[in-house]
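Asker: Starting from these lines, generate the structure:
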Amino acid sequence: MSIIHLPSTKTTVSKSPTVSTLTRPPSPFLLIAFFNGAVLPIQAAINAQLARSIGSFPLAGDISYFVGTIVLVSLLLTGKFGRPNWSALPKAPWWAFCGGLVGAWYITSSAYLTTNLGTTLTIALIVSGQSFMGMLVDHFGWLSVQPRRLTPNRRIAGALLLLAVFFLTLK
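Answerer: Numbers count the residues shown, from 1 in each chain. A predicted model of the protein is given here:
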């Protein structure tokens, strides 16, 4: 028995996957997530080059955040993404404001690691770390996330990620 789960669809349980469940066009969310993953190595390589050019990984991170801030403020000013509820800011949990701290660490360390490990190994380790932490966050429902059980399939996927990283570390 196999369980096929696609976001924004109900879980399908069947004795064997049917052609319709395997050939269903992917949700736009899956494509956007794939694109987001595809741009991370580009971002890491760009930031690594900037850091090498100016001789500073933290300054490269600052510049990256500054440019990103200009883009985000511009998007906010267009009003195309709705109006923010500024009065709700004090009601948000304290940890909801730590994304920038985590992002600053990611931007700076990925530029440094890309310079030292190369793009492929750096991103493979980042993806593995993201996946394992994602499994924990989902399983335990941390940070107000809807809990999702750590299934045997997810455990196998984690093991395959570790295997992939192992092979990427070999010369």
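
Asker: going forward, measure contacts and count neighbours with C-alpha atoms only.
Answerer: Fine.

Asker: ok, residue 109 - contacts?
Answerer: Applying CA atoms under 8 Å, 6 or more residues apart in numbering to residue 109 gives the contacts residue 57.

Asker: what's around residue 31, how many residues?
Answerer: Residues near residue 31, counting by other CA atoms under 10 Å, number 11.

Asker: Mind listing what's buried along the host helix or strand of it?
Answerer: Following DSSP states H and E, one finds residue 31 within helix 28-54. For helix 28-54, the buried set under the neighbour-count rule, 16 or more other CA atoms under 10 Å, comprises 40-41, 44-51.

Asker: Columns distance to residue 113 and pLDDT on top of these, output as CSV?
Answerer: Below are the buried residues of helix 28-54 laid out as CSV (distance: CA to CA, whole Å; pLDDT from 0 to 100):
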residue, distance to residue 113, pLDDT
40, 13, 91
41, 11, 93
44, 9, 93
45, 10, 95
46, 12, 96
47, 11, 95
48, 8, 96
49, 12, 96
50, 13, 97
51, 11, 96
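
Asker: What is the nearest of those to residue 120?
Answerer: When the buried residues of helix 28-54 are compared for distance to residue 120, the smallest value, 7.7 Å, is given by residue 41; criterion: CA to CA.

Asker: what about that closest one, distance to residue 159?
Answerer: Counting by CA to CA, to the nearest Å, the gap between residue 41 and residue 159 amounts to 22 Å.

Asker: Output stretch 83-91 as PDB - backbone C-alpha positions only.
Answerer: Output in PDB follows, covering the C-alpha atoms of stretch 83-91 (Å, rounded to 0.1, in the frame of the first residue of the first chain):
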ATOM      1  CA  ARG A  83      -2.600  46.500   3.100                       C
ATOM      2  CA  PRO A  84      -0.600  45.300   6.200                       C
ATOM      3  CA  ASN A  85      -2.300  45.400   9.500                       C
ATOM      4  CA  TRP A  86       0.300  47.500  11.300                       C
ATOM      5  CA  SER A  87      -1.700  47.500  14.600                       C
ATOM      6  CA  ALA A  88      -1.300  43.700  14.800                       C
ATOM      7  CA  LEU A  89       2.500  43.900  15.100                       C
ATOM      8  CA  PRO A  90       2.500  44.000  18.900                       C
ATOM      9  CA  LYS A  91       0.300  40.900  19.000                       C
END
